[in-house]
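Novice: Model the following, please.
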Amino acid sequence: MGKPRGIRTARKHVNHRREQRWADKDYKKAHMVGVEAKQPNSAIRKCVRVQLIKNGKKVTAFVPRDGCLNHIEENDEVLVAGFGRKGHAVGDIPGVRFKVVKVANVSLLALYKEKKERPRS
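Specialist: Have a look, this model is predicted:
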C-alpha cells in the first residue's frame, strides 16, 4: 500500500495532512528542570525536559509566564513550539530552543488567565 494517488483523493489528502500537521510538534513531558540564566543575570528560568513523540529525543522547553509551571505535571503531554531564533537559544537561557504552548490539549495561556481548567483524567 502506497500513497493514495489520483484525481479523487483530495479528501484523503486533506484529512491526512490535518492529522500530520502536528506530527513534528507533539511531545511527551518527562520532568521539570531549572536552567540558570547566563551572566550578568541571576535567575532560575523554569524549563521542562520533554521527550519528543516523533523521534524519542529529549529536549528542554521553556515554560513562559509567572506560575505556569504549576499547571504542568509529570508525564503530561505537552505541545512545544520553536522559541525565537530558528533553532538557536534565546536571551539569557542557554541551550533552550523550544517553549511550551499547550498542556493536555489546553492552551497554557488559557490556563494562566483561568479561562479554562485542566481536563480531569
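Novice: hang on, residue 40 is in a strand, isn't it?
Specialist: No. Residue 40: not assigned to a strand; according to DSSP: H, G, I helix; E, B strand; the rest coil it is coil.
Novice: Make sure residue 89 is actually in contact with residue 95.
Specialist: Yes. Counting by CB atoms under 8 Å, residue 89 touches residue 95, with 5.6 Å between them. C-betas here are computed from N, CA, C, even on glycine.
Novice: Looking at the two, which is more packed in?
Specialist: More crowded of residue 89 and residue 95, by other CB atoms under 10 Å: residue 89, with 17 against 10.
Novice: quick one: pLDDT of the more buried one?
Specialist: Per-residue confidence (pLDDT) for residue 89: 80.
Novice: Ok, residue 2 next?
Specialist: Note on residue 2: pLDDT of 81.
Novice: Also residue 31?
Specialist: pLDDT recorded at residue 31 is 50.
Novice: How about the one 3 residues further on?
Specialist: In this model, residue 34 is scored at 66, pLDDT.
Novice: Same check on residue 116?
Specialist: Predicted confidence (pLDDT) at residue 116: the value is 92.
Novice: Nice, that's everything, thank you.
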